[in-house]
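Enquirer: quick one: sequence and predicted model below, then my questions.
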Amino acid sequence: MRERMERALRRTGADYAEIRIEHAERTSLSFRGRELDEVSYSSSVGGVARALVKGGWGIVTFNEIGDLRASVKEAVACARLVGRDRSELAEVPRIDHVIPPPRMQRDFRGVALGEKKRVLQGYNDLLLGADPKIHTTHATYADRYRKVSFANSEGTYFEEVRPDVTVSLTAVARDGNLVQRGHEGMGRAAGFEAALGLEAKAQMAGQRAAHLLAAPPVRGGTYTVILDPKLGGVFAHEAFGHLSEADGVYENEKLRDLMVLGKRFGPDLLNIVDDGSLPGGRGTHLLDDEGVHTRKTYLIKEGILVGRLHSRETAAKMGEGVTGNARAVAWNFPPIVRMTNTYIEPGNLSFDDLVRDVDLGLYACDMLGGQTMMEMFTFSAACGYMIRDGKVSELVRDIVLTGNVFETLRNIDGVANDLTWADGGGGCGKGGQQPLPVGLGSPHLRIRGVVVGGQQ
Amino acid sequence: MIEEALDLASSKTDGAEVVFVQRRSTSADYEDDKLKRVDVAQTSQLRVRVIVGGKIGTAHTTDTAQAKAVVARAIELAEFGSDAHFAFPGPSDRTDVKTYDPAVEQTPKEELVAAGGEMVDLVKAYNGEIKVFAGAGWAVEDWRLANSSGLDVADRSSSFGIGVGGVLVRNTDMLFVYLNRDWRRRETEPRTLADRAIQQFRLAERTAPLTSKTMPVILSPRGSYVLLLSLLIGVNGKNVLKGDSPLAGRLGDKVAADCFTLVDDGTIDYAPASGPWDGEGVPRRRTPIIERGILRSFIYDLETAGKAGAHTTGNGPGCEASNVVIPPGDRSLEDMIRDTKEGLLVEHVLGLGQSNIMNGDFSVNISLGYKIENGEIVGRVKNAMLAGNVYDALPRVAALGSEPEWAHSSYVPPILIDGLSVIAKG
């Protein structure tokens, strides 16, 4: 295959061309309530040819790994329609590397479906049995084995295997018309071993759903909010991380001015990092999908914007260094600028320090989801507790936090020393490419003046 | 290949279904005012579903050379699969609906590039500070389904989509507008769509102050998704069967205002979710879900209907709605605005789906919404949220506009709701 790919990339007439071919296999199972809802298997083979002519991209997606040369030619023809300028790509070292597969204690492709079902059913039984008010459940297991082969016209070639295994456990409790959910999950670039030993998570999800039935909805208003590490990680990723993706910035002068390096974004105690080379991270790869080494990139250091995430094109156009953040979610997509493992570095305070001087506030925990549109964000906490007179108090539900990311970052006034990774098993979505495995991490954070939605 | 896969599957199972989909598409995309890429894709997928010993197994692949292996995998999976409560349907009459326009795939790449460019130029001409993105593209899908009950049907469908939007940054304020239109026929003029995007930018030129209170809210056809998302989850037969939906057991009950009717209709010519058959080879149809406020039907596929003792509504597999139609009322949007002393017109929200949507709860950021004062739009609202519950709101639908519009696969008018909770920062 390598030879065919390399031959197809010779003398294309383009300024740059590449082919990425992927073989993937995925198995998934899900329970709803007592019943097995779905068992599914899929395999895929496909690829993308990408060509750059005078700064314009042509992209051809295909399933049939037939005439690769023809696919590249068509990509070049598409690119010719686009290019009016000049091609710019940051220079990177040529790579020739068949990366050894990551260690899986138990390769999930060799685990019998019966065992996968048994493990998931065990968790599902725990969800169902957590409380008499549990009405139904949604428990899923999925594994994906993805092998990427990449070649470009500069002579780079690499192969990388990317396993991903996820478990998602949701309990739904019901009391009359009131329905509440509890969710826990796991997602790791690992083997079947990662799907084992999640009994405590299952119980937690079940109990939370039941407890939330008795909790009052939070009263809408403006509060001092303490985010737990899971929610802090979503905040770093959704509210800020996406604005650090250079593809949204490099040709937008206004955004460039807003996101100018050296500008103060938060207090001294705030450090935000993206690191695709972090051992064991869910968003970790040796190379990105342009064959660039991943690395640790500070986005905010001591409150100052110091970096952003790049593809080869955005790095060249902005005159900044490459970061190895061009990623594609699957065979049928070209790489775009994405986060890898994004986290807020720990500070010096303990959780108790953060809570102690809050008279009336909210301790918001875990996430149901998050979304941003430019500087505005909303994210929902799975649950939360009121903070009264410096103490974590009663459980509340239906917490949706919203605001302007720049104001919110400035209003962070406490960072705890307890960095925790939330391996929730979800994924990031951008440009129709989802779910991309990413790592999210944060310590507890305290933020002043956060708008909390709720009925008044 | 389909015949081979079906023969193999049929010989070893109690029932089998094979679906083969081939898709071709071409698109041109502009970002930050510039043409960035032209894409061509040619993809295919083979899906196999079998029933063995009363249990279901499914498998799919993009690698058509693996047809036999995928059949074997589906059979293997059936051992662990869920119990089947249906049989694969036999031959039936095709629903008479148009899904293919040959002009769509005859559109050259250059024309897609030109359509996007026209929209970018129009928006830039209105305000050069807006960073514009736009795109145009087409797709053609050849679909064939064959099963062991003798059904063997095929359809060719086309779709043509254009979209335009932009971002306007002022200090730390970013205004985001995006409109798109997908249709199975090449019909929408780029100029029309660009003009509508410009109109939204115009209305948002000023911002209007807001204080938290309960006020009348008009959901635009795009904004109606605030109601539709939860409601469509609530009428999904699977959620009803599990008892998760608050609408479970409420057929025949009054769940919405008298003026409110909602129909699932997969038979509208050239509409995005129309087709002669659903994904299980059942003819698509028109199913009234809510009629004048009364809950009439849920949405079913074969398996769920089998379990629930109901009939499939041609929404398989998955019990997802096709095109959602809310018949219009008799008041123009202008009249609805003129009669509002203080209220909101909501175009776009952020964070929908993060609340307890099964329960009908919503608590969303208003990413594009306009304040109405004394019968006039006075500006865009910022840092505001809309909160409530769909099942509380439906009986309080006070009026429907007279001009429905397509928003994705919904054809809905503006919807006026009396009294929703609006939360302003501060």
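Expert: Ah, there it is. Numbers count the residues shown, from 1 in each chain, chains lettered A, B, ... in the order given.

Enquirer: residue A:451 sits in which helix or strand?
Expert: strand A:445-453 (DSSP states H and E).

Enquirer: please apply the same query to residue A:369.
Expert: Here residue A:369 is assigned to strand A:360-373, by DSSP H and E.

Enquirer: what's the spacing between the closest residue to residue A:389 other than its chain neighbours and residue A:394?
Expert: Spatial nearest neighbour of residue A:389, excluding adjacent residues (C-beta to C-beta, 6 or more residues apart in numbering or on different chains): residue A:359 at 6.2 Å. C-beta here means a position set from N, CA and C on the backbone, and glycine is covered the same way. Applying C-beta to C-beta, to the nearest Å, the value for residue A:359 to residue A:394 is 15 Å.

Enquirer: spit out the contact partners of the nearest residue to residue B:414 once chain neighbours are set aside.
Expert: Nearest-residue entry for residue B:414: residue B:401, 3.5 Å, with adjacent residues in sequence omitted and distances by C-beta to C-beta, 6+ apart. Going by C-beta atoms under 8 Å, 6 or more residues apart in numbering or on different chains, residue B:401 touches B:218, B:328-329, B:331-333, B:336, B:413-416.

Enquirer: among those, the buried ones, what's the ChimeraX command?
Expert: Buried members of the contacts of residue B:401, defined by 16 or more other C-beta atoms under 10 Å in any protein chain shown, are picked up in ChimeraX with:
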select /B:218,328,329,331,333,336,413,414,415,416
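
Enquirer: please flag which of the contacts of residue B:401 sit within strands.
Expert: B:218, B:415-416 (DSSP state E).

Enquirer: near chain A too, which of the residues you listed?
Expert: Filtering those for neighbours of chain A using C-beta under 8 Å from any C-beta of the partner chain leaves an empty set.

Enquirer: would you turn the residues you listed into CSV with pLDDT?
Expert: CSV is the format used below for those (pLDDT from 0 to 100):
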residue, pLDDT
B:218, 98
B:415, 98
B:416, 98
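
Enquirer: out of those residues, who's nearest residue B:306?
Expert: Nearest to residue B:306 among the ones in strands among the contacts of residue B:401: residue B:415, at 34.7 Å, using C-beta to C-beta.

Enquirer: that closest one pairs with what?
Expert: Legend: beta-bridge partners of residue B:415 under DSSP bridges are residue B:219, residue B:400.

Enquirer: cool, residue A:327 as well?
Expert: residue A:336.

Enquirer: so what's the residue count around residue A:348?
Expert: Residues near residue A:348, counting by other C-beta atoms under 10 Å in any protein chain shown, number 10.

Enquirer: correction: the previous question concerned residue B:363.
Expert: With neighbours defined by other C-beta under 10 Å, the count for residue B:363 comes to 31.

Enquirer: before we move on, what about the one 5 residues further on?
Expert: Taking other C-beta under 10 Å as the neighbour definition, residue B:368 ends up with a count of 23.

Enquirer: surely it meets residue B:344?
Expert: No. The pair residue B:368 and residue B:344 does not pass the contact test of C-beta atoms under 8 Å, sitting 11.0 Å apart.

Enquirer: quick one on the thing from earlier: ok, the contacts of residue B:401 vs residue B:267, which is closest?
Expert: residue B:328 (18.8 Å).

Enquirer: with adjacent residues omitted, what lies nearest to the closest one?
Expert: Residue nearest to residue B:328 in three dimensions, not counting chain neighbours: residue B:413, with 4.0 Å by C-beta to C-beta, 6+ apart.

Enquirer: quickly find the element holding the residue in the stretch 351-456 of chain A that chain B sits nearest to.
Expert: The nearest approach of the stretch 351-456 of chain A to chain B comes at residue A:378, 3.2 Å away (C-beta to the nearest C-beta). Residue A:378 is part of strand A:376-388, with elements assigned from DSSP H and E.

Enquirer: mind listing the strands that strand pairs with, and their directions?
Expert: Short version: by DSSP bridges, strand A:376-388 pairs with strand A:360-373 (antiparallel), strand A:391-396 (antiparallel), strand A:399-404 (antiparallel).

Enquirer: kindly reformat those strands as a markdown table containing distance to residue B:273 and mean neighbour count.
Expert: Output for these, formatted as a markdown table (distance: least, C-beta to C-beta, whole Å; neighbours: other C-beta atoms under 10 Å in any protein chain shown):
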| stretch | distance to residue B:273 | mean neighbour count |
| --- | --- | --- |
| strand A:360-373 | 24 | 22 |
| strand A:391-396 | 39 | 16 |
| strand A:399-404 | 30 | 26 |
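
Enquirer: show me the strands in the stretch 51-200 of chain A, by range?
Expert: Per DSSP state E, counting those that start in this stretch, the stretch 51-200 of chain A carries strands over the ranges A:56-62, A:96-98, A:134-152, A:157-175, A:178-188.

Enquirer: most packed of these?
Expert: Using mean count of other C-beta atoms under 10 Å in any protein chain shown, the stretch among those with the largest mean neighbour count is strand A:56-62, at a mean of 24.

Enquirer: quick one: contacts of it?
Expert: Contact with strand A:56-62 is made by A:46-51, A:71-72, A:74-85, A:331-334, B:35-43, as judged by C-beta under 8 Å, 6+ apart.

Enquirer: buried subset of the residues you listed?
Expert: Listed as buried from the contacts of strand A:56-62 are A:46-51, A:71-72, A:74-83, A:331-334, B:35-43; burial here means 16+ other C-beta under 10 Å.

Enquirer: just those residues: which are in helices?
Expert: Within those, residues falling in helices by DSSP state H are A:71-72, A:74-82.

Enquirer: mind putting the residues you listed into CSV with distance to residue A:442 and pLDDT?
Expert: Converted to CSV, these look like this (distance: C-beta to C-beta, whole Å; pLDDT from 0 to 100):
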residue, distance to residue A:442, pLDDT
A:71, 42, 96
A:72, 43, 97
A:74, 45, 97
A:75, 40, 98
A:76, 44, 98
A:77, 46, 97
A:78, 41, 98
A:79, 41, 98
A:80, 46, 97
A:81, 44, 97
A:82, 40, 97
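
Enquirer: out of the residues you listed, who's near chain B?
Expert: Among those, the residues within reach of chain B (C-beta under 8 Å from any C-beta) are A:74-75, A:78-79, A:81-82.

Enquirer: contacts only, for the closest residue to residue A:86 other than its chain neighbours.
Expert: Spatial nearest neighbour of residue A:86, chain neighbours left out: residue A:55 (5.5 Å); criterion: C-beta to C-beta, 6+ apart. By C-beta under 8 Å, 6+ apart, the residues touching residue A:55 are A:82-88.

Enquirer: now, which of these sits nearest chain B?
Expert: When these are compared for distance to chain B (C-beta to the nearest C-beta), residue A:82 wins out at 5.1 Å.
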